[in-house]
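In: Quick one: sequence plus predicted model below, questions after.
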Amino acid sequence: MGKSKLIYYMRHNALVTFGFAILALLVLASLLAPWLAPYPQDAHGAVHTERAFLPPSGAHLFGTDALGRDLFSLVLYGGRISLSAGCIAIVVSVAAGALIGLIAGYVGGWIDEMLMRFTDIVLSFPPLLLAVSIASLLGPSLSHALLAIMLSWWPWYTRLIRSQIVQLRSAGYVESAIVSGKGAGAIMRRHILPNSLSPVIVQASMDFGSIILTLAGLSFLGMGAQPPSTEWGLLVSQGKTYVLSNWWYAAFPGLPILLTAVALNLAGDGLRDLLDPRQKGVTR
């Protein structure tokens, strides 16, 4: 996919452009949090009980929480945790799933059968339910929540990669590489894997939003990030008790979660149409 093709497509698709723009804005705001946050000390443990539950105003754009911390500052710093954690989860899930799918699809035989039956067993559980179960067993922490998500998400990429490999291993250029004496590792690395990544990239871009939601959900349930972390889901969890009297406490930390999920789905739709024109306009 060329850069000019992507730019052309974004110019002619307002929703995809909106998705990429929102995503870029969220990432940029998180990266620049130390400079954009009006009260950076609030994200590092400062407490101001005298200004607890202040409504949104010029001094506090998103209001303040139960400890008097500026919510706008907390949300900016929380983006660093939520987005980076989501990136780690999706990268590890894709890498693990792709490796298993690559081995299963190329080697075949009893190895393929064994790996895919184990994959089917994991896939028989809903990802969120499995992540909640694993996180509850491991104990509440952000690292445990990430591990639970990665253990729940890899099978989808195993199935996807394996189906691509089965189709590609009989391609002419792969058979030519085999005849020329290239090893299995070189063939998988140079010929098969690069040609099977397009659907994986599309799937990962759309799953990223779901992983952010799952991570926030685990924190909301008390199984993810713990205080004094500023992770978005944890902030929503802390604000849920006061949602009727101080609506901004839960609403503003929840807003970037919603925007991230929507932006990633719109961006994923655009990547799907670019990388696989046959799927254009087809609902997942």
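Out: The structure has been received and is ready for your questions.

In: Please count neighbours and contacts with C-alpha atoms only from this point.
Out: Will do.

In: where are the low-confidence patches of this structure?
Out: 1-13, 169-175, 177-187, 189-191, 273-284 (pLDDT under 70).

In: So for it, the centremost residue is which one?
Out: F208 (2.5 Å; C-alpha atoms, centre = their mean).

In: That one contacts A263, doesn't it?
Out: No: using C-alpha atoms under 8 Å, F208 makes no contact with A263, being 10.2 Å away.

In: Pretty sure I212 is one of the things I257 touches, is it not?
Out: Yes: assessed by C-alpha under 8 Å, I257 is found in contact with I212 at 7.2 Å.

In: Which of those two has more residues huddled nearby?
Out: Neighbour tally, I257 and I212, criterion other C-alpha atoms under 10 Å: the higher count belongs to I212, 25 against 21.

In: tell me the contacts of that one?
Out: S82, L83, G86, I257, T260, A261 (C-alpha atoms under 8 Å, 6 or more residues apart in numbering).

In: Within the helices and strands, which one has the fifth one?
Out: Taking DSSP states H and E as the criterion, T260 maps to helix 248-275.

In: again with the first one
Out: Assigned by DSSP H and E, S82 belongs to helix 71-107.

In: Would you mark the buried spots in that helix?
Out: Of all the residues in helix 71-107, those buried under the rule 16 or more other C-alpha atoms under 10 Å are 71-83, 85-86, 89-94, 96-106.

In: Quick check: what element follows that helix along the chain?
Out: helix 109-123.

In: So what angle separates the directions of that following helix and helix 71-107?
Out: 150 degrees (axes from the mean of the first three to the mean of the last three C-alpha atoms, to 10 degrees).

In: Which strands or helices does helix 109-123 pack on?
Out: Judged by 3 or more C-alpha pairs under 8 Å, 6 or more residues apart in numbering; DSSP states H and E, the packing partners of helix 109-123 are helix 71-107, helix 142-168.

In: Out of those, flag the one nearest Y242.
Out: Of all the helices and strands packed on helix 109-123, helix 71-107 sits nearest to Y242, with 14.1 Å by C-alpha to C-alpha.

In: hang on, the earlier thing: turn the helices and strands packed on helix 109-123 into TSV, columns for distance to S245.
Out: Shown next, in TSV, are those (distance: least, C-alpha to C-alpha, whole Å):
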stretch	distance to S245
helix 71-107	16
helix 142-168	29
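
In: Tell me which of those sits nearest to E113.
Out: Closest to E113 of the helices and strands packed on helix 109-123, according to C-alpha to C-alpha: helix 71-107, at 7.7 Å.

In: Please report the distance of the nearest residue to I81 once chain neighbours are set aside from T49.
Out: Nearest residue to I81, sequence neighbours excluded (C-alpha to C-alpha, 6 or more residues apart in numbering): E231, at 5.7 Å. Going from E231 to T49 by C-alpha to C-alpha, to the nearest Å gives 21 Å.
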